[in-house]
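Enquirer: Just to be clear, the model below is a prediction. Sequence and coordinates:
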Amino acid sequence: MKSFLAIILIGTLFTACNNTENKSSSPPDQPQTHEDSLFKDVMDGHDFAMAKMNRIPNVQKKVQSAIDSINKMPEKLKKDATAYRVKLDSLAEQLRYADYSMNKWMEEFNYDTATKSANRGLYLESEKKKIAAVKEVMLSSLRKADSLFKK
């Protein structure tokens with residue numbers, strides 16, 4: 001009797017696991033429409049920029065530390081470090097702008113418009129361009145930081 005119940009239980013489990021009624025023809029992460037592709041591109045851009053954004057506070061601290069070190073130097077050495085100080089000031093501004101750009105984009109991004117609006121395609125095209133610009137600002141500022149603070 002126990003083996004009979006075990007066989008029925010295993011058969012039921014096997015049947016349930018192989019049920020294909022609710023399976024679609026494409027994987028769940030695959031975009032179904034052009035708008036879905038645009039939405040995925042926008043979200044991929046966001047995710048990429050967010051990952052890079054995590055580096056910005058550390059780089060900002062490094063820049064500020066370098067500026068503070070220059071400020072503590074004797075006047076003759078400060079004068080010799082003027083060109084480097086200008087680069088640090090420029091980098092500090094670029095990092096602030098990169099951080100601001102990402103935060104501004106996130107504040108203005110409207111998820112409902114991106115997912116439910118009749119003008120979804122146009123909105124997503126615009127957002128794709130905006131997040132691409134944010135990504136470029138971030139990458140540019142981080143490349144500049146990497147060149148100034150060679151490892």
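Expert: Yes, it's here.
Enquirer: so after the host helix or strand of residue 79, what's the next helix or strand?
Expert: In the assignment (DSSP states H and E), residue 79 maps to helix 75-80. Proceeding N to C from helix 75-80, the next assigned helix or strand is helix 82-108, under DSSP H and E.
Enquirer: ok, and what's touching the helix or strand following that following helix?
Expert: Moving toward the C-terminus from helix 82-108, the next helix or strand (DSSP H and E) is helix 111-116. Outside helix 111-116, the residues that touch it by Cβ atoms under 8 Å, 6 or more residues apart in numbering are 39, 42, 119, 120, 123, 124, 127. Backbone N, C-alpha and C define where each C-beta goes, glycine included.
Enquirer: How far off centre is helix 111-116?
Expert: Taking Cα atoms, centre = their mean, to the nearest Å, one finds helix 111-116 lying 19 Å from the centre of the chain it belongs to.
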